[in-house]
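Participant: I need the structure of the sequence given here:
(chains A, B, C and D)
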Number of protein chains: 2
Amino acid sequence: MATLVERLRSRARRLTGPRQAILALLRRQSHPLTVREIHAALADSRCDLATIYRSIGMLQEMDLVKRFDFGDGVARFELVGACGHEHHHHLVCNECGKIVEIEECFPETLETEIARRNGFKGVTHRLEFFGTCPDCQ
Amino acid sequence: MATLVERLRSRARRLTGPRQAILALLRRQSHPLTVREIHAALADSRCDLATIYRSIGMLQEMDLVKRFDFGDGVARFELVGACGHEHHHHLVCNECGKIVEIEECFPETLETEIARRNGFKGVTHRLEFFGTCPDCQ
DNA sequence: CTTGATGCAAAGGGTTTGCAGCATT
DNA sequence: AATGCTGCAAACCCTTTGCATCAAG
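Facilitator: Prediction:
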């Protein structure tokens, strides 16, 4: 949290009420949240949707928050680097939307090879799994 | 094409001008197209956007077309099973949007293990790579 | 002729932006 | 006091839907 304030200050950004609320919420969340979910969870904070979009955007630029897309047209966001939340992927239930965190990752040597063969630099990947969860089978 | 007509007929669907045009366009495309790109390419066919959305939706239900999401909020579509286009992934340039088809896939044994460990059935994955292409470096 | 498909326009849902007032620094 | 931030409302973009008309079968 201390380094966070510094990071904000170094960019001439202010640590405001809404931003603290959003960060505090994301910190205690283990799954990615949509902007609407954040808004609902912050109902008592009376925080505007636009403010959440702007804050999330700023946090993304600062690499404090990562965006995930599950193909339903709604962006989801997770805090980066909190409680062991490094690079990871998800397993999503097609029926109920349940989300499970997955540690397995695409083989690094294979990714390096793909980048090399095509002459691309700084290659990363988005990877999500979909299926039917035990409760929905 | 013959089997396609049968597939359509079996569902009491009609093979209309717009549908033929969309399929013909997708057949000669090696990269996924957005609805807007399809619309632009079919400018002379005077095909409405709504019609393209409806046709694409139907083709998806029939598993003739597959949808891809590159995280920019726009859906992209590719014909399935045409010209060797089986299950595959993409490498997308973050700068210019160039798309390269990738054959490498997530290891099946690992996916099976993920499904088993979490009790999920019918697990599939979405996987796309992002980086900077040679021209944009 | 019957029923599905199209075009047009309007509505929907997520996200972005302009602007005046407000609050952090 | 200065400037970044907020709320509100309007605008945007992609996508979906209602409805009267048209055309494939």
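Participant: contacts only, for the residue located most distally from the centre of chain A.
Facilitator: No residue in chain A sits farther from the centre than A:Arg117, which is 29.7 Å out by CA atoms, centre = their mean. If a contact means CB atoms under 8 Å, 6 or more residues apart in numbering or on different chains, then A:Arg117 has no contacts. C-beta coordinates here come from the backbone N, C-alpha and C atoms, glycine included.
Participant: can you tell me the element it falls in?
Facilitator: helix A:108-118 (DSSP states H and E).
Participant: now do the helices in chain A.
Facilitator: A:2-10, A:17-27, A:35-41, A:49-61, A:108-118 (DSSP state H).
Participant: how many neighbours does A:Cys136 have?
Facilitator: Neighbour count of A:Cys136, defined by other CB atoms under 10 Å in any protein chain shown: 14.
Participant: coming back round to it: how far does the helix holding A:Arg117 sit from the chain's center?
Facilitator: Remark: helix A:108-118 is offset 25 Å from the chain centroid, using CA atoms, centre = their mean, to the nearest Å.
Participant: do the same with stretch A:107-126
Facilitator: In terms of CA atoms, centre = their mean, the centre of stretch A:107-126 is found 22 Å from the chain centre.
Participant: so for that stretch, mean pLDDT?
Facilitator: The average pLDDT for stretch A:107-126 rounds to 97.
Participant: what about it, how long is it end to end?
Facilitator: Stretch A:107-126 stretches 13 Å from its first residue to its last (CA to CA, to the nearest Å).
Participant: buried stuff in that stretch?
Facilitator: A:Glu111, A:Ile114, A:Ala115, A:Asn118, A:Phe120, A:Val123, A:His125, A:Arg126 (16 or more other CB atoms under 10 Å in any protein chain shown).
Participant: stretch A:128-137 now?
Facilitator: Here stretch A:128-137 shows A:Glu128, A:Phe129, A:Phe130, A:Gly131, A:Thr132, A:Cys133 as buried, counting by 16+ other CB under 10 Å.
Participant: from those residues, which is closest to DNA strand C?
Facilitator: When the buried residues of stretch A:128-137 are compared for distance to DNA strand C (CB to the nearest atom of the strand), A:Glu128 comes out closest, at 15.5 Å.
Participant: identify the bridge partners of the closest one.
Facilitator: Assessed by DSSP bridges, A:Glu128 has beta-bridge partners A:His90, B:Arg126.
Participant: wait, isn't it in contact with B:Arg126?
Facilitator: Yes: counting by CB atoms under 8 Å, A:Glu128 touches B:Arg126, with 5.3 Å between them.
Participant: who touches both of these two?
Facilitator: A:Gly71.
Participant: related to what we said a few turns ago, what about dumping the CA coordinates of the helix holding A:Arg117 to CSV?
Facilitator: Backbone C-alpha positions of helix A:108-118 (Å, rounded to 0.1, in the frame of the first residue of the first chain) are rendered in CSV as follows:
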residue,chain,number,x,y,z
GLU,A,108,7.3,-20.7,-22.2
THR,A,109,9.6,-22.4,-24.6
LEU,A,110,6.8,-22.8,-27.0
GLU,A,111,5.8,-19.2,-26.7
THR,A,112,9.4,-18.1,-27.3
GLU,A,113,9.6,-20.3,-30.3
ILE,A,114,6.3,-18.8,-31.7
ALA,A,115,7.7,-15.2,-31.2
ARG,A,116,11.0,-16.1,-32.8
ARG,A,117,9.6,-17.8,-35.8
ASN,A,118,7.3,-14.8,-36.6
